[in-house]
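S.K.: Sharing a model that was predicted from the sequence below.
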Amino acid sequence: MESPSSKRPKRGSIAIPTDENSLASAVFFPDVSKISYKPQAAAAETMVFKHYNADEVINGKTMAEWLRFSVCYWHTFRGQGADPFGLPTISRPWDDGSDSLFNAKRRMHAAFEFMSKLGVKYWSFHDRDIAPEGSSLEATNKNLDELVDLAEELMARYNIKLLWNTCNLFAHPRYMNGALTNPDAHVFAYAAAQVKKGLDVAKRLGAKNFVFWGGREGYSTLLNTDIRKELDHMANFFKMVISYKTQIGFDGQLLIEPKAKEPTRHQYDYDAMTVIAFLKTYNLEKHFKINVEPNHTTLAGHPFEHDIAFAAAYNMLGSIDSNTGSADMGWDTDQFPMDIRATTAVMQTVLDMKGIAPGGLNFDAKVRRESIAINDMFIAHIGAMDAFARGLRNAARMQHEAVLSKAKAERYNSFKSGIGAKIEAGTTSLEELADYVTKTGEPEQRSAAQEHYEGVFNYYI
Ligand code: XUL
Ligand code: CO
């Protein structure tokens, strides 16, 4: 049987505009119309939504409002399928591979048509994804301004908003020893200047959030690294960010995205709890939330939903880079999240916190390097959006029937009264607890009933 992806237009067969005047009316995906909701679609129809119905109301909000999907520019419009062992495999007809401003603009036109046909209302980007680096910071910023002008125009035309932007402080060789934790103050200053511009762009485009992922903030060897000094510097940088944000009136949410390793051997922002501890140590916790990426969580050696649950438990979950890894691989594979159990677990937390806004579900995910067809870009996003729609429906039923939440709460019943209530209120002491045990003796053993909980969870999938 012919696979749906083999029915796509041939690579290179589209009439691609070569001058600026024809860009506004160019069509980059002529064979794709707006992706529709078709719940009865056959199994092999993967260019339709079978579960994601944007305007359907679930628990008082539309699916679109609960899920706040966002397309990321770096994977979907800059990714070419290269890996440490192989050359790029993916080439797009709208991208001639050059660093010209015209190519950058053409790519952006294609990106907005893609997002609009997919029906996604948010996007995200690094500064260097959308515009090429120039010969000086001024020249680079000038390039960026040209593309930000275009982004502003296209965002208005397609009614697409910016979930977040961020600065690429890791790709350029100047950042090989880190950016805000670099041992050289000049590099620190360069990174700070880049972020100043990034915040200006965020303000101008009305970004809902601004993200810091410390790609090179970490160490390769402790022999040459003063970790306390580097973290003190990073904290001082964040204080400058808060003051500049206030000065320019940028009201988006600031987010830190943890990752345990890769590219550095150890990254300072290891996981959600490490970041929360850092923020509290430097009195920054009121100004930041966490952008959790599950593939980063699993790199830290935790279960998929661990950081989402921990950040949410401390009211620090700001947004999610919804992707997944392969459990059998040790690195960041940035796959589209297709596992209904995982999406259900995420949506349980999002429902419990009554929504993730101003954050969202940003697809920090890339098609496999073997998935070279244009339709694969759509199919990947549609599949993940459907997986989240199912997760949302499952989690809503779970929340409504409250079987799991009641059972979980009952496990802690002993803290409702008597000595338990005193422990919870922090009004008892070691002496009183010792007296209590003298009077009551050995506690009764109770089953944790993990298999029961798993069985109940499976019922809703
Ligand atoms: C890298 C990663 C980044 C951040 C933004 O693993 O997740 O793309 O999301 O810098
Ligand atoms: Co990410």
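M.R.: Happy to help now that I have it. Model, not experiment: these values are computed from the prediction. Numbers count the residues shown, from 1 in each chain. Ligands and ions are numbered 1, 2, ... in the order given.

S.K.: need the strands for this structure, in chain order.
M.R.: Under the criterion DSSP state E, the chain contains strands at 57-58, 61-62, 69-72, 122-126, 161-166, 209-213, 218-219, 253-257, 266-267, 288-292, 317-321, 361-363.

S.K.: quick one: the fourth one near ligand 2?
M.R.: No: with C-beta under 5 Å from the ion as the criterion, ligand 2 is not reached by strand 122-126; the gap is at least 8.8 Å. From N, CA and C alone the C-beta is placed, and that goes for glycine too.

S.K.: circling back to that earlier point, including distance to ligand 1, mean pLDDT and mean neighbour count, could the strands of the chain go into a markdown table?
M.R.: Listed next are those as a markdown table, based on distance: least, C-beta to the nearest ligand atom, whole Å; pLDDT from 0 to 100; neighbours: other C-beta atoms under 10 Å:
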| stretch | distance to ligand 1 | mean pLDDT | mean neighbour count |
| --- | --- | --- | --- |
| strand 57-58 | 28 | 98 | 15 |
| strand 61-62 | 25 | 98 | 14 |
| strand 69-72 | 7 | 99 | 26 |
| strand 122-126 | 6 | 99 | 25 |
| strand 161-166 | 5 | 99 | 24 |
| strand 209-213 | 3 | 99 | 25 |
| strand 218-219 | 13 | 98 | 22 |
| strand 253-257 | 5 | 99 | 22 |
| strand 266-267 | 10 | 97 | 20 |
| strand 288-292 | 7 | 98 | 27 |
| strand 317-321 | 5 | 99 | 26 |
| strand 361-363 | 8 | 99 | 27 |
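
S.K.: what sits against the residue nearest the centre of the chain?
M.R.: Nearest to the mean C-alpha position of the chain, by C-alpha atoms, centre = their mean, lies Asp321 at 1.5 Å. Residues in contact with Asp321 (C-beta atoms under 8 Å, 6 or more residues apart in numbering) are 72, 257, 291-294, 296, 362-364.

S.K.: Flag every residue of the stretch 251-400 of the chain that's near ligand 2.
M.R.: Counting by C-beta under 5 Å from the ion, the residues of the stretch 251-400 of the chain near ligand 2 are 293, 321, 364.

S.K.: still on that earlier bit, pipe the strands of the chain into CSV and attach distance to Gly426 per row.
M.R.: Converted to CSV, those look like this (distance: least, C-beta to C-beta, whole Å):
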stretch, distance to Gly426
strand 57-58, 39
strand 61-62, 36
strand 69-72, 41
strand 122-126, 42
strand 161-166, 38
strand 209-213, 35
strand 218-219, 37
strand 253-257, 30
strand 266-267, 35
strand 288-292, 27
strand 317-321, 25
strand 361-363, 37
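
S.K.: Can you say which of these is nearest to Leu23?
M.R.: Smallest distance to Leu23 across the strands of the chain (C-beta to C-beta): 18.1 Å, for strand 122-126.

S.K.: circling back to that earlier point, can you tell me which of the contacts of Asp321 comes closest to Asp232?
M.R.: Closest to Asp232, out of all of the contacts of Asp321 and judged by C-beta to C-beta, is Glu257, at 20.8 Å.

S.K.: Is the closest one bridged to anything, and to what?
M.R.: Bridge pairing for Glu257 (DSSP bridges) gives the partners Trp213.

S.K.: who's in contact with it?
M.R.: Residues in contact with Glu257, defined by C-beta under 8 Å, 6+ apart, are 211-213, 269, 290-293, 296, 321.

S.K.: And these, which is closest to Arg128?
M.R.: Comparing these against Arg128 with C-beta to C-beta places Trp213 closest, at 13.1 Å.

S.K.: pretty sure Tyr73 is in contact with Asp127, am I right?
M.R.: No: with contact defined as C-beta atoms under 8 Å, Tyr73 does not reach Asp127; the gap is 10.5 Å.

S.K.: picking up where we left off before, list just the nearest of the contacts of Asp321 to Glu454.
M.R.: Nearest to Glu454, judged by C-beta to C-beta, of the contacts of Asp321 is Pro294 at 19.5 Å.

S.K.: Identify the residue spatially nearest to that closest one, adjacent ones excluded.
M.R.: Closest residue to Pro294 apart from its sequence neighbours, by C-beta to C-beta, 6 or more residues apart in numbering: Phe304 at 5.0 Å.

S.K.: Could you pull up the residues touching Pro263?
M.R.: Neighbours of Pro263 in contact, by C-beta under 8 Å, 6+ apart: 170, 215-216.

S.K.: no wait, Glu444
M.R.: No contacts exist for Glu444 under C-beta under 8 Å, 6+ apart.

S.K.: measure it to Tyr453 for me?
M.R.: 20 Å (C-beta to C-beta, to the nearest Å).

S.K.: now what about stretch 403-420, what contacts it?
M.R.: Contacts of stretch 403-420 (C-beta under 8 Å, 6+ apart): 398-399, 421, 423-424, 428, 432-433, 436, 446, 448-449, 452-453, 456-457.

S.K.: same thing but at 7 Å, please
M.R.: Stretch 403-420 has contacts (C-beta atoms under 7 Å, 6 or more residues apart in numbering) with 398, 421, 423-424, 428, 436, 453, 456-457.
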